[in-house]
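[1] sequence? don't have it. structure:
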């Protein structure tokens, strides 16, 4: 079986101050929902329009050519496009959040030798 191709992006634009750049925050930008009457719809600001344009251009390029405009994701060199803020290529996960994820996952780890099931 052959390996497929994949591209990845990190949506880093905090469009809602109380939510930040949360899971699914990119959807209103892809679907052009700026300024819509919804509590989760971002404001129709110049900054949000720039992020929306960047998202829509990438998706259109991907639909037309199969390539969004940045390098393909490779596990040995996990470079992704950061959309929002700088819109540049970054190593995923960025160093400033990697330590948070490591601390979170290590807090879920069971001690060595601990049972993994109560059955």
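    Noted; the coordinates are in hand. None of the values given here were measured: they were computed from a predicted structure. Numbers count the residues shown, from 1 in each chain.
[2] need the strands for the protein, in chain order.
    With strands called from DSSP state E, the chain shows them at 9-11, 79-83, 89-91.
[3] Scan the protein for its longest helix.
    helix 46-65 (DSSP state H).
[4] For residue 51, list the residues it contacts.
    Going by Cβ atoms under 8 Å, 6 or more residues apart in numbering, residue 51 touches 13, 15, 29, 83-84. (Each C-beta comes from the backbone N, C-alpha and C, glycine too.)
[5] Hmm, residue 34 is touching residue 46, no?
    No. The pair residue 34 / residue 46 is not scored as a contact, 10.6 Å apart, by Cβ atoms under 8 Å.
[6] Greatest separation within the contacts of residue 51: which pair is it?
    15 and 83 (11.6 Å; Cβ to Cβ).
[7] Compare those two (neighbour count), which wins?
    residue 15 (24 against 21; other Cβ atoms under 10 Å).
[8] how about the nearest residue to that one, chain neighbours excluded?
    residue 42 (3.7 Å; Cβ to Cβ, 6 or more residues apart in numbering).
[9] Could you report the neighbour count for the one you found?
    22.
[10] next one: the one 5 residues further on
    Residue crowding around residue 47 was assessed by other Cβ under 10 Å; the count is 13.
[11] ok and the longest helix of the chain relative to strand 79-83, angle-wise?
    Using axes from the mean of the first three to the mean of the last three Cα atoms, to 10 degrees, the inter-axis angle of helix 46-65 relative to strand 79-83 is 140 degrees.
[12] I'd like the distance from helix 46-65 to the chain centre, please.
    14 Å (Cα atoms, centre = their mean, to the nearest Å).
[13] For that helix, give the mean pLDDT please.
    The average pLDDT within helix 46-65 is 92.
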